[in-house]
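J.: quick one, structure for this:
(2 chains)
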Amino acid sequence: GAGVSQSPRYKVAKRGQDVALRCDPISGHVSLFWYQQALGQGPEFLTYFQNEAQLDKSGLPSDRFFAERPEGSVSTLKIQRTQQEDSAVYLCASSPQGARGANVLTFGAGSRLTVL
Amino acid sequence: GQNIDQPTEMTATEGAIVQINCTYQTSGFNGLFWYQQHAGEAPTFLSYNVLDGLEEKGRFSSFLSRSKGYSYLLLKELQMKDSASYLCAVRETGGYNKLIFGAGTRLAVHP
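T.: The predicted structure is shown next:
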């Protein structure tokens, strides 16, 4: 597609439920990132994929968070046993490979998760 | 460690000029980005600096001083639609495109 697509846009979960958030990156983009953005804050890095390989998961806040990108395109961020502190917007971004020049990250509109 | 500082909020008048500052301390540096984010929307790319100096793009300009760990975003001829959050982000060294973001500056433009 023309941009990064994320679904669902809004998710309300009861504490303890599992949720899955989907990201469809720009076609052909090798790099895919997940960020977490709390209200009034900047995006915080969660994890990075190069094709299907998860090369950096240093930002995942706990082992309840799991991400995958099995075929190197669509990615899913799964949160198990959600807690209230997981309430945030989850942003997905993609870019062509590499960190040369203005290799711009293109973001999706995000999935807003509210845990009650 | 990593630390990126920018003012939390700013206000300005339509038609005026505003400068949003960003200071950073990161373990590695491979470029500085500015993004604009309207409420409830995706961050969108505004500018990129990797060498010292000023980059101009229409009404928006961005400046970088690597020795001072300092950047600013300059917005001219402000319009109401410029009311948004402005995010300063540093790309780390390490071979991939990981950005570390500041908390953002919320700009309110008044008539």
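J.: which parts of chain B are helices?
T.: Using DSSP state H, no helices are found in chain B.
J.: residue 67: neighbouring residues, count only.
T.: Unless you meant another one, I'm taking chain A. Applying other C-beta atoms under 10 Å in any protein chain shown, we find 21 residues neighbouring residue A:67. Every C-beta, even on glycine, is put in place using the N, C-alpha and C of the backbone.
J.: the intended chain is chain B.
T.: Using other C-beta under 10 Å as the criterion, residue B:67 is surrounded by 6 other residues.
J.: now it: closest residue in space that isn't a chain neighbour?
T.: Spatially, and ignoring its direct neighbours in sequence, residue B:67 is nearest to residue B:52 (7.6 Å; C-beta to C-beta, 6 or more residues apart in numbering or on different chains).
J.: tally of neighbours for the closest residue in space to residue B:74 that isn't next to it in sequence?
T.: Distance criterion C-beta to C-beta, 6+ apart; nearest residue to residue B:74, sequence neighbours excluded, is residue B:61 at 4.3 Å. A count of nearby residues for residue B:61, using other C-beta under 10 Å, gives 17.
J.: returning to that earlier point: check contacts around the residue nearest to residue B:67.
T.: Remark: with contacts taken as C-beta atoms under 8 Å, 6 or more residues apart in numbering or on different chains, residue B:52 is in contact with B:64-67.
J.: in JSON lines, list those residues along with pLDDT and distance to residue A:90.
T.: Converted to JSON lines, the contacts of residue B:52 look like this (pLDDT from 0 to 100; distance: C-beta to C-beta, whole Å):
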{"residue": "B:64", "pLDDT": "98", "distance to residue A:90": "30"}
{"residue": "B:65", "pLDDT": "97", "distance to residue A:90": "34"}
{"residue": "B:66", "pLDDT": "95", "distance to residue A:90": "32"}
{"residue": "B:67", "pLDDT": "94", "distance to residue A:90": "36"}
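J.: if we can go back for a sec, for chain A, see how far away the residue nearest to residue B:67 is.
T.: 16 Å (C-beta to the nearest C-beta, to the nearest Å).
J.: now that residue: how far from residue B:5?
T.: Distance from residue B:52 to residue B:5, counting by C-beta to C-beta, to the nearest Å: 19 Å.
J.: so which residue is dead centre in chain A?
T.: Relative to the mean C-alpha position of chain A, the nearest C-alpha, by C-alpha atoms, centre = their mean, is the one of residue A:34, at 3.0 Å.
J.: residue B:77 contacts residue B:13, correct?
T.: No. Applying C-beta atoms under 8 Å, one finds residue B:77 not in contact with residue B:13, separated by 11.3 Å.
J.: joint contacts of the two?
T.: With contacts defined as C-beta under 8 Å, 6+ apart, no residue is shared by residue B:77 and residue B:13.
J.: return the residues in contact with residue 110.
T.: No chain in the question, so chain A it is. A:6, A:9, A:37, A:89-92, B:42.
J.: could you do chain B instead?
T.: Residue B:110 touches B:11-14, counting by C-beta under 8 Å, 6+ apart.
J.: just the buried subset of the residues you listed, please.
T.: Among the contacts of residue B:110, those scoring as buried are residue B:12 (criterion: 16 or more other C-beta atoms under 10 Å in any protein chain shown).
J.: show me the contacts of residue B:110 that map onto strands.
T.: B:11-13 (DSSP state E).
J.: and chain B, which residues reach chain A?
T.: Taking C-beta under 8 Å from any C-beta of the partner chain as the criterion, chain B approaches chain A at residues B:4, B:30-31, B:33, B:35, B:40-45, B:48, B:50, B:87, B:89, B:91, B:94-104, B:106.
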